[in-house]
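*Asks:* build me a structure from this.
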Amino acid sequence: MSSLYWHTTGTGDRDLVLLHGWGLNAEVWQNIVPRLSPHFRLHLVDLPGFGRSQGFGALTLADMAQQLVPQLPERAVLLGWSLGGLVASQLALTQPERVTALISVASSPCFTAHENWPGIKPETLESFQQQLSNDFQRTVERFLALQTMGTENARQDARQLKDVVLSQPMPSVAVLEGGLEILRQDDLRTALDHLALPFMRIYGSLDGLVPRRIAAELDARWPASPSVVMEKAAHAPFISHPDAFCQQVQQFIHAAT
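*Replies:* You can find the predicted model right below:
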């Protein structure tokens, strides 16, 4: 039976829903929960098929977002990291009456590189998909290592991400392949051109998966959407720079809502 893990904590008067990235689960936020819980009512979610949200197969982006709708608070701020940024964006587009603001972290409306668009080379994502069946554990570990590469505490940060993965049930190969397929195929650039909600984007200057050039591209395309590029951070700025990250989140939400 399919069951979605959804845990609520915190004493604030605003609802902040946190959506994790590919291969991980809601424990990835453990660094920032103590910093944010006095200010917000935090909703920690394992995306369908990941962590404690078992019983799901591979889903499309639309289906994954739809699974969250029944438990979505009436006036939610959505914060999505990496793949979770796409899920949060999809929810903001389809449930605008339930969402008050959107924050994407080390995410992109289109993860795959195209002509005149920076991103992950299609062959890199295809390679990860092929390797999953052959060496599941090593492929996930390699992807996690890419997310912290270049930071001052890269090895320690990668270990923290790996511990998060191992702390909860592992997703199936089918679910992981489905997540990579979303990263490879989905493109929300045009749809988000018409988003009327307050929308902030946070990037890491050293991110090898979502190049910092994307920030400038989208600054020009979405002039009403502020962006922050965190220096010396890579793909997981909330792990490498939790205080600065939480400060940005708090300032934006208090101004936007």
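*Asks:* and the closest residue in space to Pro171 that isn't next to it in sequence, how far is that from Phe56?
*Replies:* If the residues on either side of it in the chain are set aside, Pro171 comes closest to Phe50, at 4.9 Å by CB to CB, 6 or more residues apart in numbering. Quick note: C-beta positions are derived from backbone N, CA and C, even for glycine. With distances taken as CB to CB, to the nearest Å, Phe50 is found 9 Å from Phe56.
*Asks:* over to Leu146?
*Replies:* 25 Å.
*Asks:* who has more neighbours, those two?
*Replies:* Legend: neighbour count by other CB atoms under 10 Å for Leu146 and Phe56, higher for Phe56 (21 against 18).
*Asks:* dump the residue contacts of the more buried one.
*Replies:* By CB atoms under 8 Å, 6 or more residues apart in numbering, Phe56 lies in contact with 2, 48-49, 67, 175.
*Asks:* rerun at 7 Å
*Replies:* Going by CB atoms under 7 Å, 6 or more residues apart in numbering, Phe56 touches 2, 48-49, 175.
*Asks:* how many residues are close by Gln185?
*Replies:* Around Gln185 sit 14 other residues, with neighbours defined as other CB under 10 Å.
*Asks:* now do the residue nearest to it when sequence neighbours are not counted, the pLDDT please.
*Replies:* Among residues not flanking Gln185 along the chain, Thr112 sits closest, at 7.6 Å (CB to CB, 6+ apart). Note for Thr112: predicted pLDDT of 95.
*Asks:* thought Glu126 was touching Thr112, still the case?
*Replies:* No - here Thr112 lies out of contact with Glu126, judged by CB atoms under 7 Å, at a distance of 10.1 Å.
*Asks:* neighbour count winner among these two?
*Replies:* Ranked by neighbour count (other CB under 10 Å), Thr112 and Glu126 place Thr112 first, with 17 against 12.
*Asks:* how about His39, secondary structure?
*Replies:* Counting by DSSP: H, G, I helix; E, B strand; the rest coil, the backbone at His39 sits in coil.
*Asks:* surely it and Gln250 touch.
*Replies:* Yes - the pair His39 and Gln250 qualifies as a contact (CB under 7 Å) at a distance of 5.8 Å.
*Asks:* show only the entries of the contacts of Phe56 found in helices.
*Replies:* Among the contacts of Phe56, the ones falling in helices (DSSP state H) are Val175.
*Asks:* nearest to Leu79, of the contacts of Phe56?
*Replies:* Distance to Leu79, by CB to CB, is smallest for Pro48 among the contacts of Phe56, at 17.8 Å.
*Asks:* what about the closest residue in space to that closest one that isn't next to it in sequence, distance to Trp22?
*Replies:* Among residues not flanking Pro48 along the chain, Phe56 sits closest, at 4.0 Å (CB to CB, 6+ apart). For Phe56, the distance to Trp22 (CB to CB) stands at 14 Å.
*Asks:* now tell me what touches stretch 190-197 from outside.
*Replies:* With contact meaning CB under 7 Å, 6+ apart, stretch 190-197 is reached by 89, 92-93, 96, 99-102, 109.
*Asks:* let's go with 6 Å and repeat that
*Replies:* Residues outside stretch 190-197 that contact it (CB atoms under 6 Å, 6 or more residues apart in numbering) are 92-93, 101-102, 109.
*Asks:* kindly report the same for stretch 84-103.
*Replies:* 19-21, 61, 64-65, 72, 75-80, 104, 107, 188, 191, 197-200, 256-257.
*Asks:* okay then, goodbye and thanks.
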